[in-house]
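Novice: Next come a sequence and a model predicted from it.
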Amino acid sequence: MYRQLLKSIAVALLLVANVAHADGPSRAQRSKLVPTQDAYVAAVRWGDFDKAEGFIDPQYLQQHPLSDLQRERYRQIQVSSYRERSAGVGADGSIERRVEMGVINRNTQAERLVMVNERWRWDAETKRWWQAAGLPDLWQGQ
């Protein structure tokens, strides 16, 4: 009886793993995800938000264009840390990451931590990943 229960559990776990894997990105897509995320993180970490904007989904940017005021606000901060806290595959096959960012206001030199959600979408047409949640909101609750 105990063996049968263990076999059932093992089969169920394998089925769940196969379903989860089928919904996730392919090996070729995953091989492009890490370098894309690394380049995006480097741009954000160095405060090059103009470069980071190049990783944002064009559909998102069309619906949410950055204003001059928003661009100026990004120039007033420095990112002191960028740590991935969790990641997973969304229901639509996108990659979702929760990131903790340390942000320093250049004027006051005050540092604070901000939690940011990223959603990475694979574009089959251009064969690349886009960050589909926009640039990080570093002024949450202000």
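Specialist: That came through fine. Numbers count the residues shown, from 1 in each chain.
Novice: The protein: helices as residue ranges?
Specialist: All helices of the chain, identified by DSSP state H, fall at 2-23, 27-45, 49-53, 58-63, 68-75.
Novice: since we're on Glu72, how many residues are nearby?
Specialist: The local packing of Glu72 (other Cβ atoms under 10 Å) involves 9 other residues. C-betas here are computed from N, CA, C, even on glycine.
Novice: try Glu84
Specialist: Glu84: 12 neighbours (other Cβ under 10 Å).
Novice: how far away is it from Arg97?
Specialist: 6 Å (Cβ to Cβ, to the nearest Å).
Novice: and stretch 109-117, which residues are buried?
Specialist: 114, 116 (16 or more other Cβ atoms under 10 Å).
Novice: Who are the contact partners of the residue nearest the centre of the chain?
Specialist: Among the residues of the chain, the one closest to the centroid is Glu118, at 3.0 Å (Cα atoms, centre = their mean). Residues in contact with Glu118 (Cβ atoms under 8 Å, 6 or more residues apart in numbering) are 96-99, 131, 133, 136.
Novice: ok, 6 Å please
Specialist: Applying Cβ atoms under 6 Å, 6 or more residues apart in numbering, we find Glu118 in contact with 97, 131, 133.
Novice: of the residues you listed, closest to Thr108?
Specialist: The closest of these to Thr108 turns out to be Ala133 (Cβ to Cβ; 27.1 Å).
Novice: just to revisit the earlier point, okay, the residue nearest to the centre of the chain: pLDDT?
Specialist: With respect to pLDDT, Glu118 has a value of 97.
Novice: ok, what's across the strand from it?
Specialist: Beta bridges link Glu118 to Arg97 when assigned by DSSP bridges.
Novice: How much space separates Ser31 from Phe55?
Specialist: From Ser31 to Phe55 the distance is 17 Å (Cβ to Cβ).
Novice: more crowded one of those two?
Specialist: Shown here are Ser31 and Phe55; by other Cβ under 10 Å, Phe55 has more neighbours (20 against 10).
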